[in-house]
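Colleague: got a predicted structure plus its sequence, pasted below:
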Amino acid sequence: MSTNACSNVFAGLDWAVHTHAVCVIDTTGAVLERFEIAHDREGLSELMRRLARLGARVRIAIERPSGLIVDALVEAAHHVFPIHPNAVKASRPRYRSHGAKSDASDAYLLADLLRTDGHRWRELSPQSDSIRALRALVRSRDDLVSTRVALGNQLRSQLEAFWPGAACIFCDITSPIGLAFLQRYPSPTSAARLSEAALRRFCRSQHYSGRRSPAELLARLNSATAGLAGPLATDAAGQLVRSMVAVLQPLVEQIAELTRRIERFVESPPDGQIIMSFPRAGRVCAAQILAELGDVRERFPTLDQLAAEAGAVPVTYQSGKTPSVAFRWACNHRLRQAITCLADNSRHANEWAHAIYAAARARGCDHPHAIRILARAWLRVIWRAWTDRTPYDPARHLGALKLVSDEQG
């Protein structure tokens, strides 16, 4: 097929774990080619060769906006259109009445949706190399933190079953000092003769900077409910604790290393300085926002599109005269978590943010709802600063200035 014919073909790629189905159709919806590629180097090369035969820049639809194949397609100058899985799911009844599903049929569905409704989907623009690097670091750290939380909950559950005191002696059992304590004292038997002096030496060796004295920590340990497990069960549980600690310690160290690297990395790009200029944004939170926001301004030409992507606005349904508002589940969950984190932190340092949060609570909103309302308000400011490429300036924030004026008046 000639290069000039590339505008008359549409491709759909159904993403899977090991293999990906591809379907190519023409302007009438007729299938020109079907094939599968493996999720490896040879499969990716085969995909690029086949697409090159179709034309220099092929329009291709896919259900996800990121990943190795997506990056490769964008770098090869193809037109990539991500279509949300909910839109694909809702479109299946247009093509078949039964509930059966296959990768090949979904690949055709994606291609045909691009053919018939291409004006509805926005082409994916390539992010800069620095944004892609930052996104990889941030998402990897977030995934490791989720793993740490899950393992920490498992460890706490194990301790509460046979040694509750060890679960509450330090505020966070997955902190370096909490894990060091459990490594040294994995069971009540090993800590039976622990004295205040010994605990003081241990805290000093771990550079403990908490406000509680060794006497208070020891009281916490001894005042908790005693476990009822027998000697054999206690020894077995202690061995399990030691095993989980052995898994958690390097995990916590790698999270700390990634955190340090992210904090250094986010200071370099100009957009990083813009996001960090907001109250209590911090480096990690700013990096999380920037990693999902990116540096391609065309992705979010309007504030409403960014707010919907961040899940900061609800979904409105209306049937006749009966409207209803529901929580927005379909969104970029990483961006929503980062934006709400910034909003929650900012209300402690910014009067305008605190006033919006307090007003929402006064109307009867619970804490998560009030934080989302505040996040929506901050998104308006963030979008403007990001679009104009200027850091946040409280002196130009009209909402904050009006609040100060009303208080003074």
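Modeller: Nice, thanks for sending it over. Numbering: from 1, shown residues only.
Colleague: check which residues of stretch 15-23 are buried.
Modeller: Within stretch 15-23, the residues scored as buried using 16 or more other Cβ atoms under 10 Å are 15, 20-23. Quick note: C-beta positions are derived from backbone N, CA and C, even for glycine.
Colleague: what's the span of it, first residue to last?
Modeller: Taking Cα to Cα, to the nearest Å, the first and last residues of stretch 15-23 lie 12 Å apart.
Colleague: next structured bit after the helix or strand harbouring residue 88?
Modeller: Assigned by DSSP states H and E, residue 88 belongs to helix 85-91. Next helix or strand after helix 85-91 toward the C-terminus (DSSP H and E): helix 103-117.
Colleague: tell me the mean pLDDT for the first helix or strand past that next one going along the chain?
Modeller: Next helix or strand after helix 103-117 toward the C-terminus (DSSP H and E): helix 129-162. Average pLDDT, helix 129-162: 94.
Colleague: grab the nearest non-local neighbour of the most centrally placed residue in the chain.
Modeller: Closest to where the C-alpha atoms of the chain average out (Cα atoms, centre = their mean) is residue 334, at 2.5 Å. Excluding the flanking residues, the one nearest residue 334 by Cβ to Cβ, 6 or more residues apart in numbering is residue 292, at 5.3 Å.
Colleague: what is the neighbour count of the one you found?
Modeller: Using other Cβ atoms under 10 Å, residue 292 has 23 other residues around it.
Colleague: quick one: the helix or strand harbouring it to helix 129-162, angle?
Modeller: Assigned by DSSP H and E, residue 292 belongs to helix 283-293. Interaxial angle of helix 283-293 relative to helix 129-162 (axes from the mean of the first three to the mean of the last three Cα atoms, to 10 degrees): 120 degrees.
Colleague: who does helix 283-293 touch, helix- and strand-wise?
Modeller: Here helix 283-293 touches helix 129-162, helix 231-265, helix 270-276, helix 333-346, going by 3 or more Cβ pairs under 8 Å, 6 or more residues apart in numbering; DSSP states H and E.
Colleague: mind doing that once more with 6 Å?
Modeller: Applying 3 or more Cβ pairs under 6 Å, 6 or more residues apart in numbering; DSSP states H and E, we find helix 283-293 packed against helix 129-162, helix 270-276, helix 333-346.
Colleague: can you give the contact residues for it?
Modeller: With contacts defined as Cβ atoms under 6 Å, 6 or more residues apart in numbering, helix 283-293 is touched by 134-135, 138, 262-263, 266, 271-272, 275-276, 332, 334-335, 338, 341-342.
Colleague: one more time with 8 Å
Modeller: 131, 134-135, 137-139, 141-142, 259, 262-263, 265-267, 269, 271-272, 275-276, 278, 281, 300, 306, 332, 334-335, 337-339, 341-342, 345, 382, 386 (Cβ atoms under 8 Å, 6 or more residues apart in numbering).
Colleague: give the buried subset of the residues you listed as a PyMOL selection command.
Modeller: Of these, the buried ones go into a single PyMOL selection, burial set by 16+ other Cβ under 10 Å:
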select buried, resi 131+134+135+137+138+141+142+259+262+265+266+269+271+272+275+276+278+281+300+306+332+334+335+337+338+339+341+342+345+382+386
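Colleague: the closest residue in space to residue 276 that isn't next to it in sequence and residue 341, how far apart?
Modeller: Spatially, and ignoring its direct neighbours in sequence, residue 276 is nearest to residue 286 (4.4 Å; Cβ to Cβ, 6+ apart). Separation of residue 286 from residue 341 (Cβ to Cβ, to the nearest Å) stands at 10 Å.
Colleague: returning to what we had before: what about the residue nearest to residue 276, how many residues nearby?
Modeller: 24.
Colleague: same question, residue 388
Modeller: When counting by other Cβ under 10 Å, one arrives at 10 neighbours for residue 388.
Colleague: residue 236 now?
Modeller: Neighbours around residue 236, by other Cβ under 10 Å: 14.
Colleague: same check, this time on the one 3 residues further on
Modeller: Neighbour count for residue 239, taken as other Cβ under 10 Å: 12.
Colleague: now the residue lying closest to it once chain neighbours are set aside, what's its secondary structure?
Modeller: Leaving aside its chain neighbours, residue 239 sits nearest to residue 186 (7.3 Å; criterion: Cβ to Cβ, 6+ apart). The three-state label given to residue 186 by DSSP: H, G, I helix; E, B strand; the rest coil is coil.
Colleague: isn't residue 186 up against residue 241?
Modeller: Yes - the pair residue 186 / residue 241 is scored as a contact, 4.4 Å apart, by Cβ atoms under 8 Å.
Colleague: okay, and the common contacts of those two?
Modeller: Shared contacts of residue 186 and residue 241 (Cβ under 8 Å, 6+ apart): none.
Colleague: residue 62 is in contact with residue 79, isn't it?
Modeller: No - counting by Cβ under 8 Å, residue 62 sits too far from residue 79 to count as a contact (11.2 Å).
Colleague: look at those two and report which has more neighbours.
Modeller: Just comparing residue 62 and residue 79: by other Cβ under 10 Å the higher neighbour count belongs to residue 62, 24 against 19.
Colleague: which pLDDT value goes with the more buried one?
Modeller: Residue 62 is given a pLDDT of 94.
Colleague: now it: phi and psi?
Modeller: Per-residue torsions, residue 62: phi -150, psi 160 (degrees, to the nearest 10).
Colleague: and the closest residue to it other than its chain neighbours, bridged to which residues?
Modeller: Leaving aside its chain neighbours, residue 62 sits nearest to residue 13 (4.7 Å; criterion: Cβ to Cβ, 6+ apart). Going by DSSP bridges, residue 13 is paired in beta bridges with residue 22, residue 62.
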